[in-house]
Each structure stands twice: as C-alpha cells, then as structure tokens.
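1. what's the 3D shape of this:
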Amino acid sequence: MKKSSTAYLFECYIWLLNTIARGPISRAAIDEKWAHSSVNEYKQDYLPESNFHRWKSTVEMLFDVHIKCNAYNEYYIEEASDLRGADLRLRLLNLMSIDSLLKDSKELSDRILFEPVPSGEKFLPPIIEAMRDKTAIEMTYQSFTRQKPATFIVEPYCLKVFKQRWYMLAYSPGLDKAMIYSLDRVHAVESTKQKYKLPKDFNAEAYFKNTYGVTGTDEVPEDIEICINAMQANYLRTLPLHSSQEEIERNDDYSIFRFHVVPSYEFLQELRKYGSDVEVISPESVRAEFREDTESLYRIYKQMESWV
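-> Predicted structure coming up:
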C-alpha cells in the first residue's frame, strides 16, 4: 500500500537523521546511501540538493538538533550526545534502523517477530507536524463510552507510548481542559491553520512525572513500598515500573521497592498482576485498598465456584 505524502516525508526525515547521526558524512556519501536506500521509493541516483536542505531544516526543527558541516565538507550532528540521550529520538532512530535492515534483508522477516500494536501510528505524522507548527487539528474520535464517533478541534501538547499504545495529550477548547486521547480510537485527523499557544510552563515529562501510565493528575504522590519475592524482583530491576523506583532492601527471599507515585487505579492494577508474590507494605491507606480489592476478587471467585 502506497504511503501518504506526509508519512513518506516523515520516513525520509528519519532516514536523513539516522544517516548523519552515525558520524561525519559527505554529501557524496549521503547520495550513495540514498541511491541504495529502501526509503528511496523513486529510485533516484542521488538526493537532490533542494530536498537535502529542506529535509535538513525540517529535521533540525522537528528533532531539536543542529546539523553542521566541518572543514572537510562532512555533515554531523552538533553535540550528538544530546541526541543519544533523548529517549524519543533514540527510539525513532532505532526503529528506523531496524526497519531498513528488515527491508534490505527480507529473508529474515519471518524470523523476527513483533507484538501486534493497535492501529493509530498512521496519525503520528500529522499530529507531530501540528505539534511542531503549533496548529490545531480536527480529529474524529470515538471513545469506548460513545456509540458514534465525534469530530472536534484539539490542540496537541504531547505524545506518549504506554503498553504498546500511542496516546496524545491535547487541549480541548470545547471542554476547556487537557484530555488524553488514544490514537487507536482516532478515525481521522485533518490539519488546520488555526494557531495555538502552548502554555509556557508546560513540560510533558513533568506532567506525567508522578503518575503511572497516561493519567495525568493533580493528586499528591505518595511513597509506596511493596515487598515482592526474589524471582519477581528480577523483572522489576530490569524493567522498572516507574522512574522513581528504588530498591531499598534485598535478600535471598524477597526485595522491598519504594515508589514516589500517585496510587492510581492503573498503578495498583499493575501490582496485582504479580498475584500472591507481592504485598503492599505502606502507606496503610494504599495497603488497605489493595487488600480490599484482593479480598473482593476472592469473594467473586468463591461465588462463581458455587454456581458450578
């Protein structure tokens, strides 16, 4: 299936960023790589100069990098360490590199398996462009609580991935508040020329800092301590639940972890997947809520057994 022009351009931007990020490279070398690239759908023998400079400018704006040319006429990313430290940009580069390798090594495609991801990625390019240009989008969206989709204007603030799903935090003029939208519930996105101003104090990382998942909240975070058996603790070490996670005690039988986070429904649900291997130690209010939910689940199972 042929890509949209926006999606194709975005792929080209990632390709150029990935190519230059690998080290100083001349224009001739860029042309040679472009001629053999799977991204080059039109089979050009070289990358036209006008395209190169236009893409270069867009990449600098979109990814907040500075592409320089040294005395040997080689292009490089100034302070490349900043790029390597940016989580989103690094992920995009890695995904692009993997995608290119798979396209160029088709015999490996059936030996590298990916977890299915809900639809929604196709809306990323127009949303990212709207974020860059600070223009509102017209979105057709159907939440799980509505029987029919609705079309309305939103001002996209940021994007976040959580549990294999893309989410967008956007201000809704109609509701006069910021809302979270799952991209797999989006039916259509149309660009507009309507400009908006991002709040000066808005910081995406800070917005989600004290929460688990995508539910932003003004609630005060708490220090939550859990005790988990030694085997399950290995998984928490290699894949922390939250940026505040710290291991404060460890022995052969169990470990104790502390989180500074809002005790949201999503966070407690994540703890529950460990079943009897985890216990909430403190605070008492969270411990009581966790225990009550566990006991309620037990009563449901017992009731179901009586029906058999």
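2. what helices or strands is the longest strand belonging to the chain leaning on?
-> Assignment by DSSP state E gives strand 150-162 as the longest strand of the chain. On a contact count with 3 or more Cβ pairs under 8 Å, 6 or more residues apart in numbering; DSSP states H and E, strand 150-162 meets helix 124-133, strand 135-141, strand 165-172, strand 177-182, strand 186-195, helix 204-208. C-betas here are computed from N, CA, C, even on glycine.
3. and the ones you listed as JSON lines, adding mean pLDDT and mean neighbour count?
-> Shown next, in JSON lines, are the helices and strands packed on strand 150-162 (pLDDT from 0 to 100; neighbours: other Cβ atoms under 10 Å):
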{"stretch": "helix 124-133", "mean pLDDT": "88", "mean neighbour count": "18"}
{"stretch": "strand 135-141", "mean pLDDT": "95", "mean neighbour count": "19"}
{"stretch": "strand 165-172", "mean pLDDT": "92", "mean neighbour count": "20"}
{"stretch": "strand 177-182", "mean pLDDT": "93", "mean neighbour count": "16"}
{"stretch": "strand 186-195", "mean pLDDT": "93", "mean neighbour count": "14"}
{"stretch": "helix 204-208", "mean pLDDT": "86", "mean neighbour count": "14"}
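4. need the ones you listed in a markdown table with distance to residue 297, can you?
-> As requested, the helices and strands packed on strand 150-162 are arranged in a markdown table below (distance: least, Cβ to Cβ, whole Å):
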| stretch | distance to residue 297 |
| --- | --- |
| helix 124-133 | 37 |
| strand 135-141 | 33 |
| strand 165-172 | 25 |
| strand 177-182 | 26 |
| strand 186-195 | 33 |
| helix 204-208 | 28 |
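5. for the ones you listed, which one sits closest to residue 59?
-> Closest to residue 59 of the helices and strands packed on strand 150-162 is helix 124-133 (Cβ to Cβ; 11.1 Å).
6. Tell me what angle the closest one forms with strand 186-195.
-> On the basis of axes from the mean of the first three to the mean of the last three Cα atoms, to 10 degrees, helix 124-133 is oriented at 20 degrees to strand 186-195.
7. ok, which stretches of the protein are strands?
-> Under DSSP E, the chain gives strands at 25-26, 67-69, 74-77, 135-141, 150-162, 165-172, 177-182, 186-195, 222-229, 246-250, 254-261, 278-282.
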